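Enquirer: predicted model and sequence below, questions to follow.
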Amino acid sequence: MSTPTNAAVYAETAPPRLVVAQSAIADEFAARPADVKISTEKVSIMYGEKVAVRDVSLTVQERSILALIGPSGSGKSTFLRCFNRMNDLIPGAHVQGAVNLDGENIMDPDVSVVELRRRVGMVFQRPNPFPMSIYENVAYGPRRRGQNDRRKLDELVETSIKRAALWDEVKDDLKRKSGLALSGGQQQRLCIARVLATDPDVILMDEPASALDPVSTLRIEELMRELRQAYTIVIVTHNMQQAARVSDVTAFFTMADDRAGYLVEVGPTGQIFTRPNERLTEDYISGRFG
Amino acid sequence: MTATPSLRRKTSRGSILADRAATVVLWGTGALVLLILGAIIVHFAIAAWGVVSPSFILSDPSDVALGGILPVLWNSIYILALTMVIAVPVGLLGGIYMSEYASDNAVTGAIRFAEEAISSVPSIVVGLFGLILFVDNFHQGFTALNGALALTFFNLPLMTRLSEQALRAVPQEERSASLALGATKWQTIRHVVVPLAIPGLITGVILTAGRVFGEAAVLLFTSGIGTPPHYNFANFDLFSPASPWSPFRPSTTLSVYIYKLQSEGLGSHVNQIIDGSAAILISMVLIFNLGARFIGRVLTRRLTAA
Amino acid sequence: MAQVSTAPRLASLRATPGLLERIDLPRRVVFAAAASMILIVALLLVFIAWQGIQLFVRDGVPVGQILSPTWQPDRASGATNFGLLPFVAATVLVTAVALLISTPLSVGLAVFLSEVAPNWARAIVQPALEIFVGIPSVVWGWLGITILVPFLAHTFHGNAIIGLPVVGQIFSIPGFLTGFSWMAGSLVLSIMILPTITSVSYDAFRAVPLEMRTGSLALGTTRWQTIRHILIPSALPGVLTGVVLGMTRAAGEALAVQMVIGNSPTMPAAITQPVTTLTSQITLDMGNTVFGEPWQDALWTMSLVLLIVSITSVVLVRVINKGRMAT
């Protein structure tokens, strides 16, 4: 797999109009048969009386990366949290509409939320490893599901950490070093490994690199491209260049006059950044607002 | 052109004087507190100097001329342990409910009201409640178990509140991370929240223990006020009132013993015995108090350090 | 990178919860633990109230009798009269004087800690206060007996005469006889409730936003003016809460007070004379009375009075803090 050779990656100041070279991967993606992993039908999310997100319908293909972009307050993170029903934790929040994972509506009351969250994992904006050893952090999910076989856990931990591109840096200290002793970028990769250990289908990432330095950010982005081969990924990012570098499909959200977020436009990343259909999208991309 | 008035002498003399006087007085209050505490500690150190000795601590009231405190000291420790065994789990579980499960409804309001109500009831009334419940109604007589139960009732609000605070202090993101990995709520509480709250929880336990150790009014009418007999520590029969290991016997504690001695005033060395006993009581309180702070700090550092 | 199976997931998300999951045992257990406090309070109220009304119900004492100033519980000395007024009056007066002494000191200490003290001073005084809290009441009582009471008796044994130059004597306060007195009780209590009022007031001062202080100082006022005109008024509900809590503790304190108060079951006359509070009398007599006899029933009625007072103070605190966030 070749690394994207976009000039934008190295440029500090982006030109008003991003020129995104159509990478080989994007072409391959366009040519693949479409397998819908997630679909939402007119999803609205409310906190009490206030509408946070209104009427979003979109689909996410299997093994692709969807980026949600838009100004702050446009409901991107709130919408992301639908996919693993983390909004359930917010008192007064309720969701209308259907969210389908592999054809099953996850909003149904008799869906096991615990099982859902195993299949749809989440990486947060600020790395939040547990104050346990690196090994225990990664083993946490499988242990809670009852996996106690030492050898299986060892294997699972090693595989997950390798897939998160962290193995070489921690392989000698798995059980002695605390998760908190790692650098920011390493902690985030540890959190990714932790999610991978639960063997998910979908990985949600809420601004995963915004708390990290530029070098760590690039490593996370590389990691995302690798993971895409096996997992479906949805990321929220306020960094347009990142969305352009990393994603296959981009969805642009913005805030309406009543401060409710809504989906303006969704399409292949290359098209969104070069020939968007909506005026609003073009304004945002070229930095005229947000 | 008028000269601009100088920046000095802007504030009135009176205000500045008042401010200075206030500062002195306020420092005075701080100094007064330290003075009083220091005086108390020094007083007891001196008063107990000739009294407190290993034989004082380890002998019975009738043994030596000066009268030892072993049985009552033992009772204090025993009742403390018994009370903690009951109160800590109940308080911790209650704190878990209030912190992790309780929502803003009438039942939660009732629990908080009950918490405040029990805290405000005079300790003597709680003791009387124990009297009427255990002694008059259940015909238990004075027993260590009664005392422990009454002390549990009295200290449950404190233990619950301290546990709740310690658990609430755990950042929300730890819970989110665990839940997002597909753990259940109880698994999250058990494996993430409670371990992270341990320093605060232990501090809460030690502070509660300090309060329990010095309590007397609650015990007067539940575990009894008398002079204990010689305890045969080899007797492990839990149901025999003669065994110091049994919860089913009258147990006069150190604080209650002090109260008894000062009210009866018999014997030539009563004052010294009381001074010695009080000195030991205060020492234990100091140990509990400073211990709680120290352990809390050490554990917090160990937990959050890399 | 290891190959991952890309076979489609067919396993449904619908899990049929087992019996154990459906009843959510953990939640019920922790709820029971928390709700046990409701049960405890309820039982307390029921038992004490039941026992407290026996004086009227079983012994036939008219309710109004408890307002009489004569306490004569022993039938052997003639007709009994269960007047609780001496004890109620003593409790009220001893508590009031204790508050009078303690409140300025405590609030001052709280202001000191919050506004004036540098970090090193706070680091010494705060632990000192916590140790104060931990000192058992019997120890305070003993200190009262051995130090305070003799001091009062020795130093103030003469009469104090309050008068004006021309008018002459207005009233005189008799000197301490033995030192065991109302004043001794108030002094001991004032020191015992000091940490309570201080810590609640301190929290109240800390809750006042920094901007209010800076706003005042920026207008060219002194720190004391800021404290007096901005800080204390803003924190008043919190300070009042502290005072009410201190009052509750003072009224409910039994052993320390009983040891120094003198125990004379007559109406309080002078601050230097012995009196008996509700708690003192209960502590003294309970052991010497028989369950079921009117004397003891009167003691239970006194306990009921104490219980009512303390629950009322809880309600009072809530009223003071109405609409504010619970801490």
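Expert: Structure received. Everything quoted here is computed from the prediction, not taken from an experiment.

Enquirer: ok, the spatially closest residue to residue A:228 that is not a sequence neighbour - contacts?
Expert: Counting by C-beta to C-beta, 6 or more residues apart in numbering or on different chains, residue A:228 lies nearest to residue A:65, which is 5.3 Å off, once chain neighbours are set aside. Every C-beta, even on glycine, is put in place using the N, C-alpha and C of the backbone. Residues in contact with residue A:65 (C-beta atoms under 8 Å, 6 or more residues apart in numbering or on different chains) are A:224-225, A:228, A:233-235, A:246-249.

Enquirer: now, which of the residues you listed sits nearest residue B:45?
Expert: Nearest to residue B:45 among the contacts of residue A:65: residue A:235, at 66.9 Å, using C-beta to C-beta.

Enquirer: the closest one looks like it's in a strand, true?
Expert: Yes - per DSSP: H, G, I helix; E, B strand; the rest coil, residue A:235 lies within a strand segment.

Enquirer: tally of neighbours for it?
Expert: Other residues lying near residue A:235 total 26 when counted by other C-beta atoms under 10 Å in any protein chain shown.

Enquirer: tell me the bridge partners for it.
Expert: Listed beta-bridge partners, residue A:235: residue A:67, residue A:205 (assigned using DSSP bridges).

Enquirer: which pLDDT value goes with residue B:10?
Expert: On the pLDDT scale, residue B:10 is placed at 51.

Enquirer: near chain B, which residues of chain A? Just list them.
Expert: By the criterion of C-beta under 8 Å from any C-beta of the partner chain, the positions of chain A lying close to chain B are A:84, A:86, A:89, A:91, A:114-119, A:121-122, A:124, A:126, A:128-131, A:140-141, A:144-145, A:178, A:180-181, A:191, A:194-195, A:198.

Enquirer: okay, the residue in the stretch 201-327 of chain C that chain B sits nearest to: pLDDT?
Expert: Ranked by C-beta to the nearest C-beta, the top residue of the stretch 201-327 of chain C for proximity to chain B is residue C:252, at 2.8 Å. If you check residue C:252, the pLDDT there is 93.

Enquirer: that older thread, what separates the residue nearest to residue A:228 from chain B, distance-wise?
Expert: For residue A:65, the distance to chain B (C-beta to the nearest C-beta, to the nearest Å) stands at 19 Å.

Enquirer: one step back: narrow the residues of chain A next to chain B to those in helices?
Expert: Among those, the members falling in helices (DSSP state H) are A:114-119, A:140-141, A:144, A:191, A:194-195.

Enquirer: residue C:64: neighbouring residues, count only.
Expert: Neighbouring residues of residue C:64 were enumerated by other C-beta under 10 Å; the total is 8.

Enquirer: so what pLDDT did it get?
Expert: Here, the pLDDT recorded for residue C:64 equals 87.

Enquirer: same check on the one 5 residues further on?
Expert: pLDDT, residue C:69: 88.

Enquirer: what's the answer for residue C:280, then?
Expert: Spelled out, the predicted local distance difference test score at residue C:280 is 94.

Enquirer: these two touch, right, it and residue C:257?
Expert: Yes - using C-beta atoms under 8 Å, residue C:280 is in contact with residue C:257, at 5.6 Å.

Enquirer: more neighbours, the two?
Expert: Each of residue C:280 and residue C:257 has its neighbours counted (other C-beta under 10 Å); residue C:257 has more, 34 against 28.

Enquirer: doesn't residue A:58 fall inside a strand?
Expert: Yes - when three-state DSSP is applied, residue A:58 is found to be in a strand.

Enquirer: residue contacts, the residue nearest to residue C:164 when sequence neighbours are not counted?
Expert: Closest residue in space to residue C:164, ignoring its immediate chain neighbours: residue C:170 at 6.5 Å, by C-beta to C-beta, 6+ apart. With contacts defined as C-beta under 8 Å, 6+ apart, residue C:170 is in contact with C:162-164.

Enquirer: so where do the helices sit in chain B?
Expert: Assigned helices in chain B, in chain order: B:13-47, B:54-58, B:70-96, B:106-120, B:123-130, B:144-168, B:172-180, B:185-188, B:194-214, B:217-220, B:254-264, B:270-304 (criterion: DSSP H).

Enquirer: winner for burial among these?
Expert: Ranked by mean neighbour count under mean count of other C-beta atoms under 10 Å in any protein chain shown, those are led by helix B:217-220, which reaches a mean of 30.

Enquirer: that one packs against which elements?
Expert: In this structure, helix B:217-220 makes packing contacts with helix B:123-130, helix B:144-168, helix B:254-264, helix C:278-286, judged by 3 or more C-beta pairs under 8 Å, 6 or more residues apart in numbering or on different chains; DSSP states H and E.

Enquirer: so which residues make contact with it?
Expert: Under the contact criterion C-beta under 8 Å, 6+ apart, helix B:217-220 has outside partners B:79, B:122-124, B:126-127, B:130, B:147, B:150-151, B:154, B:225, B:253, B:255-256, B:259, C:137, C:254-255, C:283, C:286-287.

Enquirer: can you pull up the most central residue in chain C?
Expert: residue C:249 (1.5 Å; C-alpha atoms, centre = their mean).

Enquirer: list the contacts of that residue.
Expert: C:192-193, C:196.

Enquirer: and it, which helix or strand is it part of?
Expert: Take DSSP states H and E as the rule and residue C:249 turns out to sit in helix C:236-252.

Enquirer: same check, this time on residue C:90
Expert: helix C:85-111.

Enquirer: mind listing what's buried in the helix or strand that that helix is followed by?
Expert: Read in the C-terminal direction, the helix or strand following helix C:85-111 is helix C:119-134, with elements assigned using DSSP H and E. Buried residues in helix C:119-134, defined by neighbour count with 16 or more other C-beta atoms under 10 Å in any protein chain shown: C:121-122, C:125-126, C:128-134.

Enquirer: pretty sure the residue of the stretch 201-327 of chain C closest to chain B is in contact with residue B:127, am I right?
Expert: No - using C-beta under 8 Å, residue C:252 makes no contact with residue B:127, being 11.4 Å away.

Enquirer: and the spatially closest residue to residue C:72 that is not a sequence neighbour, how far is that from chain B?
Expert: Nearest-residue entry for residue C:72: residue C:81, 4.4 Å, with adjacent residues in sequence omitted and distances by C-beta to C-beta, 6+ apart. Remark: distance between residue C:81 and chain B (C-beta to the nearest C-beta) = 23 Å.

Enquirer: how about the contacts made by residue C:81?
Expert: C:65, C:68, C:70-72.

Enquirer: and residue B:27, by the same measure?
Expert: Remark: with contacts taken as C-beta under 8 Å, 6+ apart, residue B:27 is in contact with C:112, C:116.

Enquirer: give the buried residues for the helix holding residue C:90.
Expert: Of all the residues in helix C:85-111, those buried under the rule 16+ other C-beta under 10 Å are C:86-95, C:97-99, C:101-103, C:105-111.

Enquirer: check whether it contacts chain B.
Expert: Yes - residues of helix C:85-111 are located near chain B by C-beta under 8 Å from any C-beta, namely C:105, C:108-109, C:111.

Enquirer: so can I have a markdown table of those showing distance to chain A and pLDDT?
Expert: Listed next are the residues of helix C:85-111 next to chain B as a markdown table, based on distance: C-beta to the nearest C-beta, whole Å; pLDDT from 0 to 100:
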| residue | distance to chain A | pLDDT |
| --- | --- | --- |
| C:105 | 43 | 94 |
| C:108 | 42 | 94 |
| C:109 | 38 | 95 |
| C:111 | 38 | 94 |
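
Enquirer: residue ranges of the strands in the chain, please?
Expert: The chain I'm using is chain A. Ranges of strands within chain A are A:36-47, A:50-61, A:65-69, A:93-101, A:104-105, A:120-123, A:202-206, A:232-236, A:249-255, A:261-268, based on DSSP state E.

Enquirer: um, chain C though
Expert: Assigned strands in chain C, in chain order: C:71-72, C:81-82, C:160-164, C:168-173 (criterion: DSSP E).

Enquirer: point out where the stretch 101-250 of chain C drops to low pLDDT.
Expert: Counting by pLDDT under 70, the stretch 101-250 of chain C has no low-confidence residues at all.
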